[in-house]
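Asks: Generate coordinates for the sequence data below:
(chains A and B)
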2 protein chains.
Amino acid sequence: MFHELSKDNYFYAMSKDNGPKLKVDIGDTVKISSHDCFTGQITSEENAFEGFSWDGINPASGPIYINDVKPGDVLKVTIEKIDIANTGVMVTGPGMGVMGNRLKDMNVRKFDVDNEKGTVDFDGLRLPVNKMIGVIGVAPPNAAVNNGTPDTHGGNMDSVKVTEGAVLYLPVYHEGALFGLGDVHAAMGDGEISVSGLEVEADVTVKLEKAETLRTYHPVITDEDGVYMMVSDKDLNLAVDQSVHKMTDLLQPHTNLPLSEMTMLMSLAGQTQINQVVDPKKTARFFVPRYILEHYNVELK
Amino acid sequence: MFHELSKDNYFYAMSKDNGPKLKVDIGDTVKISSHDCFTGQITSEENAFEGFSWDGINPASGPIYINDVKPGDVLKVTIEKIDIANTGVMVTGPGMGVMGNRLKDMNVRKFDVDNEKGTVDFDGLRLPVNKMIGVIGVAPPNAAVNNGTPDTHGGNMDSVKVTEGAVLYLPVYHEGALFGLGDVHAAMGDGEISVSGLEVEADVTVKLEKAETLRTYHPVITDEDGVYMMVSDKDLNLAVDQSVHKMTDLLQPHTNLPLSEMTMLMSLAGQTQINQVVDPKKTARFFVPRYILEHYNVELK
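Replies: Here you go, the predicted structure:
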């Protein structure tokens, strides 16, 4: 069945206490509209922060309650389509992101998106659009988690891999999962070094299912290139190491490889990558290419 | 002029006190032969460590003294060709790399390389060859640095980007630079999570020049895709942040962009990437694609 959810249904923290805005069945498709990460508060480059509330950032549309999805299940989210607005906004400022210690003032810029050509107009430089969803997740196991923070439940993972055609697997902690998403970017590089991609309003169409056999304690993505394990931690050193360990745990049981040779294979062909280094927890991802999954008949589903 | 340097000329620590094994002029080309990272000590999978010396790892062939290259210059190393042996070795073991806390025994495996097809035979799985140079650098500013450790002088940066066609720029600290390289891998993923790529003997042909205008405090690579700034630190968090700062410092003077917009551009199209997370210092690289260099007429040379 097909549903729509308007952008007026949103929350700023993922929580088991958020009342569902929509109830769907397993296998249903939902077109989810979302505000930009400023909840549309920034309408011009000048005086952008007059009356601006920093409490009003990173809205996620939802939550969506998926009937018959229970704690211990894994939610399977297929990103079928991302339609983005034709204009977006970026912000830099003191204390924000990697360069924040060298920035003295808040700066706001709006950039146009040419959705036909797939380009962002950065003052005459045409950058390729790479549409992606910044905030996506389910209600976390315990206390509410601000949408700005990523963790095992998803949240602000800011991954360029959460895009059209990708399938995201999320551990479920509560009845119905309580799924939501927002913070869509028209473009962003790995790292999101300024804390801001090109922030846009969007319509995102997702199919919501229950994973058949895949079990994971951290968000997992599959796409045509392969599989990604995403781990968030305040310390990037730990996030990277854990992404390798958890990927090994996911794949090794599908192979006949002892741990020593599994480690060699991951060293030869696995890739440590970075989602972002600017949120309260940083997110690493470890990538394994599809030809390895195919060789060992690893079916992730 | 063309020179050859045999693999019998090697050292285990980069140092201003290493006597030159070859003197060349600016613009000369050298075919450098190198042992594998075990100095050829491992000849079979069984009893590999009988009589093995851990002091005898990561040999770099050299040093090569480049006439008229002086402290404050930047050495330009064009990687013209990498010819690798048709077999290589990998090692895993307790305490080694990301998975070392879960490995109980030392394991050694040899894998064949099909240089015609460009594949590594991993027990029947054909992995793509990606030839790269693990250890490459000049004499560091102060005390000798073991070849296993990367820093501003290069060293064990273990970057998949140090490959055929790439140009590496290294700060020069001493007369003649005292350049060397070794630790070539037939294949390795970003991260080098086991501390071992597929370790091979190799012949590497490099052209040694002086950079005309490029100035840098950290190793920089250019290739057909763009430019990479490589920063090493015990803490990956700091390495990543500094790679962004140093890239910004390198590129911003070539543009008319204020720091705020330069930061936006780097957030939209720059990429935080990882060389390795297993050496005494970890190495991050920040990548900026070539179309940005072309738009702003940034000529790095």
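Asks: What are the boundaries of the helices in the stretch 201-301 of chain A?
Replies: Counting by DSSP state H, counting those that start in this stretch, one finds helices in the stretch 201-301 of chain A at the ranges A:236-251, A:259-269, A:290-295.
Asks: And those: which comes nearest residue B:196?
Replies: helix A:259-269 (6.0 Å; Cβ to Cβ). For every residue, glycine as well, the C-beta is placed using N, CA and C.
Asks: Extract the C-alpha trace of that closest one and format it as PDB.
Replies: This file holds the C-alpha atoms of helix A:259-269, laid out as PDB (Å, rounded to 0.1, in the frame of the first residue of the first chain):
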ATOM      1  CA  LEU A 259      39.500 -15.300  11.200                       C
ATOM      2  CA  SER A 260      43.100 -14.900  10.100                       C
ATOM      3  CA  GLU A 261      42.200 -15.200   6.400                       C
ATOM      4  CA  MET A 262      39.000 -13.200   6.800                       C
ATOM      5  CA  THR A 263      41.300 -10.500   8.200                       C
ATOM      6  CA  MET A 264      43.700 -10.800   5.300                       C
ATOM      7  CA  LEU A 265      40.800 -10.500   2.800                       C
ATOM      8  CA  MET A 266      39.400  -7.400   4.700                       C
ATOM      9  CA  SER A 267      42.900  -5.900   4.600                       C
ATOM     10  CA  LEU A 268      43.300  -6.500   0.900                       C
ATOM     11  CA  ALA A 269      39.800  -5.500  -0.300                       C
END
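Asks: Next, the angle from that helix to helix A:236-251.
Replies: Using axes from the mean of the first three to the mean of the last three Cα atoms, to 10 degrees, the direction of helix A:259-269 lies 120 degrees away from that of helix A:236-251.
Asks: looking at it, residue A:165 is touching residue A:79, isn't it?
Replies: Yes - counting by Cβ atoms under 8 Å, residue A:165 touches residue A:79, with 6.7 Å between them.
Asks: the more surrounded of these two?
Replies: Regarding residue A:165 and residue A:79, a neighbour count based on other Cβ atoms under 10 Å in any protein chain shown identifies residue A:79 as having more, with 24 against 12.
Asks: any idea how far the more buried one lies from residue A:163?
Replies: 6 Å (Cβ to Cβ, to the nearest Å).
Asks: Report the set of residues contacting both of those two.
Replies: Taking Cβ atoms under 8 Å, 6 or more residues apart in numbering or on different chains as the contact criterion, the residues that touch both residue A:79 and residue A:163 are residue A:133.
Asks: Now do the contacts for residue A:259.
Replies: By Cβ under 8 Å, 6+ apart, the contact list for residue A:259 reads A:248, A:252, B:99, B:102, B:103.
Asks: Now do the same for it: its pLDDT.
Replies: Confidence per residue is given as pLDDT, and for residue A:259 that number is 98.
Asks: Residue A:57 now?
Replies: Confidence at residue A:57, expressed as pLDDT, is 97.
Asks: Please apply the same query to residue A:15.
Replies: Taking residue A:15 on its own, its pLDDT is 98.
Asks: partners of the longest strand seen in chain A in the sheet?
Replies: Here the longest strand in chain A is taken by residue count, with DSSP state E as the criterion, and it is strand A:74-84. Strand A:74-84 has its sheet partners listed here by DSSP bridges as strand A:167-171 (antiparallel), strand A:202-210 (antiparallel).
Asks: ok so, going back, using CSV, lay out the helices of the stretch 201-301 of chain A together with distance to residue A:83.
Replies: Supplementary listing: the helices of the stretch 201-301 of chain A in CSV, determined by distance: least, Cβ to Cβ, whole Å:
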stretch, distance to residue A:83
helix A:236-251, 31
helix A:259-269, 35
helix A:290-295, 27
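Asks: which ones are touching the residue in the stretch 1-150 of chain A positioned nearest to chain B?
Replies: In the stretch 1-150 of chain A, the residue that lies nearest chain B is residue A:107 (3.9 Å; Cβ to the nearest Cβ). Taking Cβ under 8 Å, 6+ apart as the definition of contact, the neighbours of residue A:107 are A:91, A:92, A:93, B:258, B:260, B:261, B:264.
Asks: Tell me the buried residues within those residues.
Replies: Among the contacts of residue A:107, those buried by neighbour count (16 or more other Cβ atoms under 10 Å in any protein chain shown) are A:91, A:92, A:93, B:260, B:261, B:264.
Asks: and residue A:23, which of the strands paired with strand A:74-84 is closest to it?
Replies: That would be, of the strands paired with strand A:74-84 and by Cβ to Cβ, strand A:202-210, which comes in at 11.1 Å.
Asks: and that closest one, how far from the chain's centre?
Replies: 13 Å (Cα atoms, centre = their mean, to the nearest Å).
Asks: Can you tell me which of the contacts of residue A:259 lies closest to residue B:178?
Replies: Each of the contacts of residue A:259 was checked against residue B:178 using Cβ to Cβ; the closest is residue B:99, at 35.3 Å.
Asks: returning to that earlier point: nearest to residue B:202, of the helices of the stretch 201-301 of chain A?
Replies: Nearest to residue B:202, of all the helices of the stretch 201-301 of chain A, is helix A:259-269, at 16.6 Å by Cβ to Cβ.
Asks: Just the CA trace of stretch A:6-24, in CSV.
Replies: Listed in CSV are the C-alpha atoms of stretch A:6-24, where the atom choice follows Å, rounded to 0.1, in the frame of the first residue of the first chain:
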residue,chain,number,x,y,z
SER,A,6,3.5,15.6,5.1
LYS,A,7,6.5,17.6,6.4
ASP,A,8,4.4,19.0,9.1
ASN,A,9,4.7,15.8,11.0
TYR,A,10,8.1,16.0,12.5
PHE,A,11,10.2,15.6,15.7
TYR,A,12,13.6,16.8,16.9
ALA,A,13,14.6,13.8,18.9
MET,A,14,14.2,10.1,18.3
SER,A,15,12.3,8.5,21.2
LYS,A,16,10.1,5.6,22.1
ASP,A,17,7.8,8.2,23.5
ASN,A,18,7.0,9.9,20.2
GLY,A,19,3.5,9.1,19.2
PRO,A,20,3.1,7.6,15.7
LYS,A,21,2.0,10.0,12.9
LEU,A,22,1.3,7.2,10.5
LYS,A,23,0.8,3.4,10.8
VAL,A,24,1.7,1.2,7.9
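Asks: Near chain B, which residues of the stretch 101-250 of chain A are found?
Replies: A:102-103, A:105, A:107, A:109, A:120, A:122-125, A:127, A:187-198, A:235-237, A:240-241, A:244-245, A:248 (Cβ under 8 Å from any Cβ of the partner chain).
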